[in-house]
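>>> Can you look at this prediction? I've put the sequence above it.
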Amino acid sequence: MMTTTQVFSLAEVARSLEFKPGFLVTRLHGRLFLGKFAEVLCALTPDQGLLVDGTGVEILDASFADEVFGAVAAQRSEPAWKGRCFALAHLSQDNIANVAAALDSRAMHESGLRNCVVPVLEAGEKGVLIGKAEGHVQESFALLHHQQQMTARELAEALALDIHAASTRLKILFDLGLVTRQEMRDANGKQFVYAWPF
């Protein structure tokens with residue numbers, strides 16, 4: 001399966017908005033930034049991933065993070081955001097902590113929000129989830145991340161699930177923007193292949 005990855009440079013977009021590229025701060029700047037981020041994110045196809053590159057960003061505060069990443073993560077049930085896969089990369093541990101704090105705050109203050117999560121690439125290109133994620137989301141993501149790609153049948157076999165439960169788990173990962181998806185046809189008919197594209 002072929003997946004493609006685009007790169008979204010936080011610093012470059014900040015420059016285009018005439019912000020200081022190293023300092024992504026305040027809710028006002030976050031709201032302005034969200035428009036650019038949404039434009040790129042919503043243009044993705046189901047088999048594309050967006051690598052959000054934090055190179056050159058010294059400070060990304062929790063207010064900015066909440067307006068951009070918190071807003072998207074909390075609204076994954078909206079059609080515009082479903083299945084739009086992105087991951088954060090090249091951010092300092094302090095900046096990652098600020099994003100995590102924003103996601104945790106959303107989860108605490110919005111009733112019924114079961115998952116408010118974003119994947120982050122850490123050293124060694126390992127993907128981890130930050131924010132609030134249900135146990136089955138964490139388990140399925142960890143396995144798929146390790147395997148790089150899976151079908152519902154493969155997940156069902158690995159976790160001793162029935163095929164419907166496995167399919168639902170993978171669809172949830174996709175809807176949360178944690179993986180990409182591509183429709184494939186073989187001798188058994190149509191199936192979706194889910195992948196970690198980064």
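Perfect, thanks for sending it.

>>> Residues contacting the helix or strand harbouring residue 29, please?
Using DSSP states H and E, residue 29 falls within helix 27-42. Helix 27-42 has contacts (CB atoms under 8 Å, 6 or more residues apart in numbering) with 6, 8, 13-14, 16-17, 19, 24, 50, 52, 63-68, 71-72, 80-81, 84, 86. In this view, the C-beta of every residue, glycine as well, is placed from N, C-alpha and C.

>>> Could you list every helix and strand in contact with the helix or strand just after that helix?
Later in the chain than helix 27-42, the nearest helix or strand by DSSP H and E is strand 48-53. Counting contacts by 3 or more CB pairs under 8 Å, 6 or more residues apart in numbering; DSSP states H and E, strand 48-53 packs against strand 4-9, helix 10-16, helix 27-42, strand 85-89.

>>> Just the C-alpha atoms of strand 48-53, please, in CSV.
Coordinates of each C-alpha in strand 48-53 appear next as CSV, following Å, rounded to 0.1, in the frame of the first residue of the first chain:
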residue,chain,number,x,y,z
GLN,A,48,-2.4,11.0,3.0
GLY,A,49,-0.8,12.0,6.2
LEU,A,50,0.3,15.5,7.3
LEU,A,51,3.6,15.9,9.2
VAL,A,52,3.3,19.1,11.3
ASP,A,53,7.0,20.2,11.5
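
>>> So in that sheet, which strands flank that strand, and in what orientation?
Applying DSSP bridges to the sheet, strand 48-53 is found paired with strand 4-9 (parallel), strand 85-89 (parallel).

>>> so which of these is the most packed in?
Highest mean neighbour count of the strands paired with strand 48-53: strand 85-89, a mean of 23 (counted as mean count of other CB atoms under 10 Å).

>>> mind putting the strands paired with strand 48-53 in a markdown table, mean pLDDT included?
Below are the strands paired with strand 48-53 laid out as a markdown table (pLDDT from 0 to 100):
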| stretch | mean pLDDT |
| --- | --- |
| strand 4-9 | 92 |
| strand 85-89 | 96 |
